[in-house]
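Asks: 3D, please:
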Amino acid sequence: MKKTTSKDTIKIISRLADIRSAKAEMAKEEETIKDAIRNIMGDETALQAGDFIVLIAEVMRTDLDKKALAAELGDKLKQFEKQSTHDRIEIRKA
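Replies: Below you'll find the predicted structure:
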């Protein structure tokens, strides 16, 4: 394992850890606020509040059911699988 005492490097890593933490907290707060807005709106799908217009729309998407497909195709499904790679940066306190 490489070690460093570089203040610049430690500062950059600390900032990334702070951003990730803030991002998680903001995501939780966003869901809380969305729930509050849904409660305020009730069955309505549009709301004007001051200069803001809030619209709620039901969005549908189609996903591939891999379990059902595997049950139908068996091992033949593997010929259509593809692998990809990417880097993941993990930060932990020492």
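
Asks: what lies in contact with the helix-or-strand element of the chain with minimal mean pLDDT?
Replies: With mean pLDDT, DSSP states H and E as the measure, the helix or strand of the chain carrying the lowest mean pLDDT is helix 66-73 (a mean of 93). Outside helix 66-73, the residues within contact range by C-beta atoms under 8 Å, 6 or more residues apart in numbering are Leu77. Heads up, the C-betas are built off the backbone N, CA and C, glycines and all.

Asks: send me that helix as PDB with only the CA atoms.
Replies: Extracted C-alpha coordinates of helix 66-73, given in PDB (Å, rounded to 0.1, in the frame of the first residue of the first chain):
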ATOM      1  CA  LYS A  66     -33.400 -11.700 -16.500                       C
ATOM      2  CA  LYS A  67     -34.600 -14.400 -14.200                       C
ATOM      3  CA  ALA A  68     -37.600 -15.200 -16.400                       C
ATOM      4  CA  LEU A  69     -35.300 -15.000 -19.500                       C
ATOM      5  CA  ALA A  70     -32.800 -17.400 -17.900                       C
ATOM      6  CA  ALA A  71     -35.600 -19.800 -17.000                       C
ATOM      7  CA  GLU A  72     -36.700 -19.800 -20.600                       C
ATOM      8  CA  LEU A  73     -33.300 -19.900 -22.300                       C
END
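
Asks: okay, strands next: where are they in this protein?
Replies: 46-49, 52-55 (DSSP state E).

Asks: for Ala17, find the nearest of the ones you listed.
Replies: Closest approach to Ala17 among the strands of the chain (C-beta to C-beta): strand 52-55, 33.4 Å.
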